[in-house]
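A.B. asks: I would like to see how this sequence folds:
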Amino acid sequence: MPARTTPTAAPDSQVPEEAVTPLIRGVAVLEELTAAGGTMSASALERATGLARSTVDRIVATLARMEYVRLDGRDAVLTPHVMELGNAYLAALRLPALLGRRADALADELDESVSLAVADRDGIRFIHQATRRRAMSLSFRIGDLLPAERTAPGPLFATEWTDADWTHWRARRTTDPKDGTFPAVPPAPEVRPDADFVRRTERAAADGWSLDDQLIEPGLVAVSAPVRDPRTGRLACVASVVSHTSRHTAADLRDTLLPRLRTAVAEMEQDLRQAPPAAPGPPPAGLAGWTGASKQELGREFIESLARGLTVLTAFGEGRESLTLTEVAKATGLARATARRALITYDHLNLVAQTPHRTFTLTPRVLSLGFPPLAGTPLPRLAEPHLRTLTDRIRETAYLAALTETGDEIQCTARVTAHHVMRVDIPLGTRLPATTGTAVGRVLLSHAHGGSDDGDSDDLDYALADEEWEQGVRTLAVPVHDRAGRTIAALATSTHTARRTAEDCVDTLLPALTTTATHIEAALHTASRFTPVPVT
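C.D. replies: Numbering: from 1, shown residues only. Next up, the predicted model:
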């Protein structure tokens, strides 16, 4: 089967002689995993990429070493750690941090979904989503790529297209009339003439706003307005209000919600105008040494040029939106020649762009490297593989629990049951009163009672309780913290009092729980940097 054509690299571009072939192949594997929803077998990756099975296996092994994927039987599964690549782009862009709260407030005011999108050549890519929770809700995620001609933001971005951009768009439409290279949208029900989008673009240029009247799928409507960069006057992003025809027609969106959208856009532009320069955060450290040590340990199975190439993307971030070759090499610890070849490769793949000032910036296409399938993943799903590892290690049931919205109950949100003849089985969804008489309750309530907004030191390191749920059951719990240091869940294990003493729980189980909680927090902190992570 031939490899699926993805919209990342320009189809008519020649591969530069200095490009890093293993890096090109590794990017292809990450893109296929992303398009497939985050999980693919090695054989499916082989068919999709056209690479030899041995090459796929080595790429997956390298990505697993980098903790970008995990192996689940025969499948490769994307992990939250891969989101650090997309986080680097979003941090460098700064728009989600500067404008996200305005979009969230507008969504709350209108009770409709609001999104921010940027141009990605002849498509649009979401960088922020404020969605409403209802039966008929939107499934678009941060990082999803949509064809410009089927969206409301598309005509606005097309007002700034060059002749080369229009040529590329027409070529893509010819080779992919049904939008098969855009997995985030259903196939186009009909192929509209090019002139239709040209007319919509001309109208957007004249009106200063644009509509999507069910171009993506029946029932979905949107109105968009441009957010302009005050320094250049060019489009920084486009803000959209998205609804369903059962609530608003496209004309109704224009007449009733567009005025409020434009007010919010003016406020966003004022925020951009007043934003101080970003203070550079610390660059990644020790990456070059780590890749060298991994190569020594794993040998041929570890593709060092792929790992080093991917670390180049993490050199960018807030206050580091535009870097010279020398700055990239210094930030990563890589040799200048190694960094240069990686940047040449990424330029070919349209993952970085060169500026007139001989610097490099990340492009929105970095979000195609694993971000969308993981955006908004609930905490229980993030924690589940770590719970399995913990249960295998301690051979006891492990579970995650959180306070309910009312705060008067604790609920089991994820669990992995140990295999014993006599075992503790806590069904998912189990609710118990949130009292300080339970280990889980003490961990969760200690923070809530201690002043959750300021990270009070009353937050417990762990709690141990005997026979809290029923006779013979001993439970140990530790806190799980969010990026702000607040306890949002408890990681716990339960055993029979005849199998482990209280001292054994503290000496043997507590270190394992603490380590696992640290792993869960690392996944949570990466995943929640720019996307909300539901606790339950």
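A.B. asks: need the strands for the stretch 101-250 of the chain, in chain order.
C.D. replies: 113-120, 123-130, 145-147, 210-213, 220-228, 235-244 (DSSP state E, counting those that start in this stretch).
A.B. asks: next one: phi and psi at the closest residue to G86 other than its chain neighbours?
C.D. replies: Spatial nearest neighbour of G86, excluding adjacent residues (Cβ to Cβ, 6 or more residues apart in numbering): F371 at 3.6 Å. (C-beta placed from N, C-alpha, C; glycine too.) Dihedral angles of F371 (phi, psi; degrees, to the nearest 10) stand at phi -70, psi -50.
A.B. asks: Now do the contacts for F371.
C.D. replies: F371 is in contact with T34, V82, M83, L85, G86, R141, I142, G143, counting by Cβ atoms under 8 Å, 6 or more residues apart in numbering.
A.B. asks: Could you find the lowest-pLDDT member of these?
C.D. replies: In this model, the minimum pLDDT among those belongs to R141 (93).
A.B. asks: buried stuff in stretch 20-34?
C.D. replies: The neighbour-count check on stretch 20-34 (16 or more other Cβ atoms under 10 Å) flags 20, 22-34 as buried.
A.B. asks: from the residues you listed, which is closest to C505?
C.D. replies: Of all the buried residues of stretch 20-34, L33 has the smallest distance to C505: 39.0 Å, by Cβ to Cβ.
A.B. asks: Was I right to think the closest one contacts T39?
C.D. replies: Yes - contact criterion Cβ atoms under 8 Å: L33 and T39 qualify, at 7.3 Å.
A.B. asks: shared neighbours, the two?
C.D. replies: A76, L78.
A.B. asks: quick one: which of the buried residues of stretch 20-34 is nearest to A251?
C.D. replies: T34 (36.1 Å).
A.B. asks: roughly how far apart are that closest one and R170?
C.D. replies: Per Cβ to Cβ, to the nearest Å, T34 is found 26 Å from R170.
A.B. asks: H447 too?
C.D. replies: Counting by Cβ to Cβ, the gap from H447 to R170 is 57 Å.
A.B. asks: Spell out the residue ranges of the strands in the stretch 301-450 of the chain.
C.D. replies: Using DSSP E, counting those that start in this stretch, strands in the stretch 301-450 of the chain cover 352-354, 360-362, 397-403, 409-416, 431-433.
A.B. asks: distance between the longest one and the chain's centre?
C.D. replies: Using Cα atoms, centre = their mean, to the nearest Å, we find the averaged C-alpha position of strand 409-416 to lie 24 Å away from the chain's own average C-alpha position.
A.B. asks: Show me what it packs onto, helices and strands only.
C.D. replies: Here strand 409-416 touches helix 379-394, strand 397-403, strand 431-433, helix 439-451, going by 3 or more Cβ pairs under 8 Å, 6 or more residues apart in numbering; DSSP states H and E.
A.B. asks: picking up where we left off before, may I see the buried residues of stretch 20-34 organised as JSON lines, with distance to A329 and secondary structure added?
C.D. replies: Listed next are the buried residues of stretch 20-34 as JSON lines, based on distance: Cβ to Cβ, whole Å; DSSP: H, G, I helix; E, B strand; the rest coil:
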{"residue": "V20", "distance to A329": "15", "secondary structure": "coil"}
{"residue": "P22", "distance to A329": "19", "secondary structure": "helix"}
{"residue": "L23", "distance to A329": "16", "secondary structure": "helix"}
{"residue": "I24", "distance to A329": "21", "secondary structure": "helix"}
{"residue": "R25", "distance to A329": "23", "secondary structure": "helix"}
{"residue": "G26", "distance to A329": "20", "secondary structure": "helix"}
{"residue": "V27", "distance to A329": "20", "secondary structure": "helix"}
{"residue": "A28", "distance to A329": "25", "secondary structure": "helix"}
{"residue": "V29", "distance to A329": "26", "secondary structure": "helix"}
{"residue": "L30", "distance to A329": "23", "secondary structure": "helix"}
{"residue": "E31", "distance to A329": "26", "secondary structure": "helix"}
{"residue": "E32", "distance to A329": "30", "secondary structure": "helix"}
{"residue": "L33", "distance to A329": "29", "secondary structure": "helix"}
{"residue": "T34", "distance to A329": "28", "secondary structure": "helix"}
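A.B. asks: just curious, which of those residues is nearest to I394?
C.D. replies: Of these, the one sitting nearest to I394 (Cβ to Cβ) turns out to be L33, at 30.7 Å.
A.B. asks: Return the most buried member of the helices and strands packed on strand 409-416.
C.D. replies: strand 397-403 (a mean of 26; mean count of other Cβ atoms under 10 Å).
A.B. asks: any idea how this protein splits into domains?
C.D. replies: Residue ranges for the domains of the chain, per automatic domain parsing: 21-87+284-374, 95-274, 379-527.
A.B. asks: Would you mind measuring the gap between the ends of the last one?
C.D. replies: It stands for domain 379-527. Distance across domain 379-527, first residue to last, is 9 Å (Cα to Cα, to the nearest Å).
A.B. asks: what does the longest one give?
C.D. replies: Across its full length, domain 95-274 reaches 13 Å between end residues, using Cα to Cα.
A.B. asks: all numbers from here: first residue = 317
C.D. replies: OK, 317 is where the count begins now, so the last one is domain 411-590.
A.B. asks: From the chain's centroid, how far away is that domain?
C.D. replies: For domain 411-590 - counting by Cα atoms, centre = their mean - the centre lies 20 Å from the chain centre.
A.B. asks: Also the last one?
C.D. replies: From the chain centre to the centre of domain 695-843 is a distance of 26 Å (Cα atoms, centre = their mean).
A.B. asks: for this protein, what helix or strand is lowest in average pLDDT?
C.D. replies: Every helix and strand in the chain was compared by mean pLDDT, DSSP states H and E; the lowest is helix 755-767, with a mean of 76.
A.B. asks: Low-confidence stretches in the stretch 567-716 of the chain?
C.D. replies: Along the stretch 567-716 of the chain, segments meeting pLDDT under 70 span 601-602.
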